[in-house]
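Undergrad: Structure for this input, please:
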Amino acid sequence: MMANDGAATNWGGASGSGPSPTGWAQTEWLVLDALPLHLALVNRHGEILAVNAAWERFAGENRGERCGVGANYLDVCRRAAESGNREASQALTGLAAVLDGRLPEFSLEYPCHDGVRQRWFLMRAAPSGAANGGVVLYHLDITDRKLAELALVQAKEAAEAANQAKSTFVAHVSHEIRTPLSGILGLVELMLTEQLTDTQHRYLSLIKSSAQGLLSILNDLLDAARLEAGRPVIRCEPFELARCVEEVIHLFREPARKKGLELRAEWAAGLPRWVNGDSGRLRQILVNLVSNAVKFTERGGVRLQVGPAPPESGPDRIAFAVVDTGIGIPTDRLSAVFQPFEQVDEGAARRPQGTGLGLSIAARLVEAMGGQLMAESVPGQGSTFRFTVALPAASPPATPAPSSPAPLAPLRILLAEDNEVNQLVVQKRLEQAGHSVRVVTDGQAAVAAWATGSFDLILMDVQMPIMDGLTATTEIRRREALRRVRRVPIIGLTAQAFPDDAARCHEAGMDRCITKPFSWEQLVEAVGQVCGGASLEATRPKPTVDQALVHDKMGGNPDLVRRVLTLFADSYPRLIADLRAALDEGHADKLTRTAHKLAGSIGNFDQGWPLQRVRQLEAQGRAGDLAGARQWVDELAAYLPELVAVWQDWLDQATGPGGAAPPAR
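TA: Here you go, the predicted structure:
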């Protein structure tokens, strides 16, 4: 402040000497001196007119620059700025702007080293309100706050680094587990296409079921890692609500039937057929909830209820509830079931309970979709899990008329895969479908094979020695562009299961990427997408007569062949009808039994394509997986009359007056 005669003065100081610049009482001076702020009054020219005790002490410590009463603070800032101090330059500009009336106030946080330690201050300048202008300027020591903020930032960075390290570890472990798991599942599926006894089928089906259980656990761990790494991406696209729900019901119909449980979907009126949302995430939530319900229910049933949400919950919201008559959850455990790795019944460790991640994952996904997963339960009577999500009504997307995919002509396929088991599985299945396959074991060899060969499709493992699949794909795409040659479709095969991995595959130039372990159906779908919707299944072969089979199976006796052929011609239409009925009913056991009967009959006449199809149907029935089975039944229904006709023609030509069949070639 300014004395009446305009002379510079202390604000009061500890001694209480000096005139009062404003006529304030001595007690008010004492208050200003007691403040921890370094407080000064600066006139419109930048001169320091009055300071409090804290400023005096600060000025005394700052021996390198005089900044007490009588000094010009603008000059102090200017000299510091000229020496390269960025904060001093900002202070000079801001203070001048407030003194000139261009800014109502100015503040700045800046570091200051006092020779012993780094300190931080907050500077603030505001108009003093005096008639002749000037500002009140203060500096507040905020070192403790800045150190606390720095500690929080470091702790956050450390936590993020630890979380990233965990995610990286999970990704690496996933790769190391998925690679052998892919081999196990692939070999089992390959063996299930062979002619096996019931016991062998049962053992292989148990191996497959165990491997799929391990894959489910691995997927849960990966989902949890993804959710911890960040908010999941929620897509919005049209999908058919009933189809999404029925797919979930279909998935668990066989496990529920084996336990004697009723499983059904219940629909309320007023629901749109098509909605906008993320069908994949919704399916994942419902799968987790229905899976838990079936797992913990021993009698009664499970209902999946779908209906419009109450109006107060918001527009376009649909309510879902999974209701079971299972063991229930104690009241004091209800809130805990949504925590990772929590088990509903700790005492039930005598039977497999999974990872305890399913409900946690479902709750996080519901939250990401704008809802909340809630539970209510009565021990011994059952549980209900409810949630609502926004799914606005949508128009169905324009799609071409449905048609069966055209089979591809036999393809020339390059398989780049370093794992011998996976090589065997993929090569064998592709060759069974009628395609030719060349196998290489690293990316460098894949590039060389592409350069010297002519391939219709490349299946590229992502992680290989010498040169990885991403680098190899990038090099192939570079050479294609340079030579202006046809772009060969490339499908990436990866054991990494994070979304970023798929993005890297596409950036490298791959057309699709599928995660190991993958099924034959997934590979067929991927190839159809990169090959214009065509099916990887080779063209159905024309039936032929295997004369060696006549002698091996029926001793070359034409009368016996004719009788067996007549029985087969009479029985296969009924068996085809039974296969279709099993699919209509979702009855996997019936599909297995019927396919087994048909395999025994077909094996007398053709041990190639049709027998492989029937054995695959039998294997799918044993596994409770009916996906894609109807198309195979339809193909068999079209093929078998041709097979019977070919054999009948052969018999008519082969049996003369003596009735003897020709010798085997």
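
Undergrad: How far does stretch 629-648 sit from its chain's centre?
TA: With Cα atoms, centre = their mean, to the nearest Å as the basis, stretch 629-648 stands 41 Å off its chain's centre.

Undergrad: average pLDDT for it?
TA: Stretch 629-648 shows a mean pLDDT of 82.

Undergrad: Name the residues that touch that stretch?
TA: Counting contacts by Cβ atoms under 8 Å, 6 or more residues apart in numbering, the residues outside stretch 629-648 that touch it are 404, 540, 542-545, 561, 565, 568-569, 572, 576, 579-580, 583, 591, 598, 602, 605-606, 609-610, 613-614, 616-617, 620-621. Where C-beta positions appear, they are placed from N, C-alpha and C, glycine not excepted.

Undergrad: Could you turn the buried ones of the residues you listed into a PyMOL selection?
TA: To isolate the buried subset of those in PyMOL, counting by 16 or more other Cβ atoms under 10 Å, use the following:
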select buried, resi 540+543+545+561+565+568+569+572+576+579+580+583+591+598+602+605+606+609+610+613+614+616+617+620+621
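
Undergrad: what distance separates stretch 465-475 from the middle of the whole chain?
TA: With Cα atoms, centre = their mean, you get 24 Å for stretch 465-475.

Undergrad: Put the alpha carbons of it into CSV.
TA: Taking C-alpha atoms only, stretch 465-475 is exported to CSV below (Å, rounded to 0.1, in the frame of the first residue of the first chain):
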residue,chain,number,x,y,z
PRO,A,465,11.2,-67.8,-36.1
ILE,A,466,13.6,-66.0,-38.5
MET,A,467,10.8,-63.7,-39.8
ASP,A,468,7.4,-63.3,-38.2
GLY,A,469,4.1,-63.4,-40.1
LEU,A,470,3.4,-59.7,-39.9
THR,A,471,6.8,-58.8,-41.5
ALA,A,472,6.3,-61.6,-44.1
THR,A,473,2.9,-60.2,-45.0
THR,A,474,4.2,-56.7,-45.3
GLU,A,475,7.0,-57.8,-47.6
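
Undergrad: Next, the buried residues of that stretch.
TA: Per 16+ other Cβ under 10 Å, stretch 465-475 contains these buried residues: 467-475.

Undergrad: among those, which are in helices?
TA: Those of those mapping onto helices are 469-475, per DSSP state H.

Undergrad: Does residue 445 lie in a helix or a strand, and which?
TA: Residue 445 belongs to helix 443-452 when elements are defined using DSSP states H and E.

Undergrad: And the next helix or strand past that helix?
TA: On the C-terminal side of helix 443-452, the closest following helix or strand by DSSP H and E is strand 457-461.

Undergrad: Endpoint to endpoint, stretch 506-524 covers what distance?
TA: End-to-end distance for stretch 506-524: 19 Å, by Cα to Cα, to the nearest Å.

Undergrad: in the stretch 101-250 of the chain, which spans are helices?
TA: Along the stretch 101-250 of the chain, counting by DSSP state H, counting those that start in this stretch, helices occupy 143-191, 198-229, 241-258.

Undergrad: er, the stretch 351-500 of the chain actually
TA: Going by DSSP H, counting those that start in this stretch, the stretch 351-500 of the chain shows helices at 358-368, 420-432, 443-452, 469-483, 499-508.

Undergrad: Off-centre distance for stretch 128-138?
TA: Between the centre of stretch 128-138 and the centre of its host chain there is 61 Å, according to Cα atoms, centre = their mean.

Undergrad: what sits up against that stretch?
TA: Contacts with stretch 128-138, where a contact means Cβ under 8 Å, 6+ apart, come from 1-2, 37-44, 49, 73, 95, 98-99, 123-127.

Undergrad: Of all pairs in the ones in helices among the buried residues of stretch 465-475, which one is the farthest apart?
TA: The span of those, defined through Cβ to Cβ, is set by 469 and 475 at 10.6 Å.

Undergrad: which residues do the two both contact?
TA: Counting by Cβ under 8 Å, 6+ apart, the residues touching both residue 469 and residue 475 are residue 443.

Undergrad: which helices and strands sit right next to the helix holding residue 445?
TA: Contacts defined by 3 or more Cβ pairs under 8 Å, 6 or more residues apart in numbering; DSSP states H and E place helix 443-452 against strand 412-416, strand 436-440, strand 457-461, helix 469-483.

Undergrad: could I get the first one in CSV with only the CA atoms?
TA: Pointing back at strand 412-416 there. Coordinates of each C-alpha in strand 412-416 appear next as CSV, following Å, rounded to 0.1, in the frame of the first residue of the first chain:
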residue,chain,number,x,y,z
ARG,A,412,-3.5,-74.0,-54.0
ILE,A,413,-2.8,-73.0,-50.4
LEU,A,414,0.4,-71.9,-48.7
LEU,A,415,0.5,-72.7,-45.0
ALA,A,416,3.2,-70.8,-43.0
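
Undergrad: List the buried residues of that strand.
TA: For strand 412-416, by 16+ other Cβ under 10 Å, it's 413-416.

Undergrad: Neighbouring strands of it in the sheet, and parallel or not?
TA: strand 436-440 (parallel), strand 457-461 (parallel) (DSSP bridges).

Undergrad: re earlier: show me how to select, in ChimeraX, the buried members of the contacts of stretch 128-138.
TA: To isolate the buried members of these in ChimeraX, using 16+ other Cβ under 10 Å:
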select :1,2,37,38,39,40,41,42,43,49,73,95,98,99,123,124,125,127
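
Undergrad: Worst mean pLDDT among the helices of the stretch 101-250 of the chain?
TA: Across those, helix 198-229 gives the lowest mean pLDDT, at a mean of 74.

Undergrad: what comes up buried for that one?
TA: Within helix 198-229, the residues scored as buried using 16+ other Cβ under 10 Å are 201, 204-205, 207-208, 211-212, 214-215, 218-227, 229.

Undergrad: and residue 203, how far is that from residue 196?
TA: Separation of residue 203 from residue 196 (Cβ to Cβ, to the nearest Å): 9 Å.

Undergrad: for the record, mean pLDDT for stretch 358-367?
TA: 84.

Undergrad: roughly how far out does that stretch sit from the chain middle?
TA: With Cα atoms, centre = their mean, you get 13 Å for stretch 358-367.

Undergrad: Check stretch 242-260 too.
TA: Relative to the chain's own centre, stretch 242-260 is displaced by 23 Å; criterion: Cα atoms, centre = their mean.

Undergrad: Outside of it itself, list whatever touches it.
TA: So stretch 242-260 is in contact with 262-265, 267, 273, 279, 282-283, 286-287, 290-291, 294, 297-299, 301-302, 304, 306, 586-588, 624, 626, going by Cβ under 8 Å, 6+ apart.

Undergrad: Quick check: PyMOL command selecting the buried ones in those residues.
TA: To isolate the buried ones among the contacts of stretch 242-260 in PyMOL, judged by 16+ other Cβ under 10 Å, type:
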select buried, resi 263+279+282+283+286+287+290+291+294+297+301+302+304+306+587+588+624+626
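
Undergrad: Show me the contacts of stretch 242-260 that map onto helices.
TA: Under the assignment DSSP H, the contacts of stretch 242-260 contribute 279, 282-283, 286-287, 290-291, 294, 588 to helices.

Undergrad: Nearest to residue 30 among these?
TA: residue 282 (69.0 Å).

Undergrad: Which residue is the nearest non-sequential neighbour of that closest one?
TA: Spatial nearest neighbour of residue 282, excluding adjacent residues (Cβ to Cβ, 6 or more residues apart in numbering): residue 244 at 6.0 Å.

Undergrad: Same question for residue 278.
TA: Closest to residue 278 by Cβ to Cβ, 6+ apart is residue 235, at 4.5 Å.

Undergrad: So the one you found sits against residue 280, correct?
TA: Yes. The pair residue 235 / residue 280 is scored as a contact, 7.3 Å apart, by Cβ atoms under 8 Å.

Undergrad: on that earlier part again, which stretch among the strands paired with strand 412-416 is buried most, on average?
TA: strand 457-461 (a mean of 26; mean count of other Cβ atoms under 10 Å).

Undergrad: Now name the helix or strand holding residue 510.
TA: Judged by DSSP H and E, residue 510 forms part of no helix or strand.

Undergrad: Done for today, thanks.
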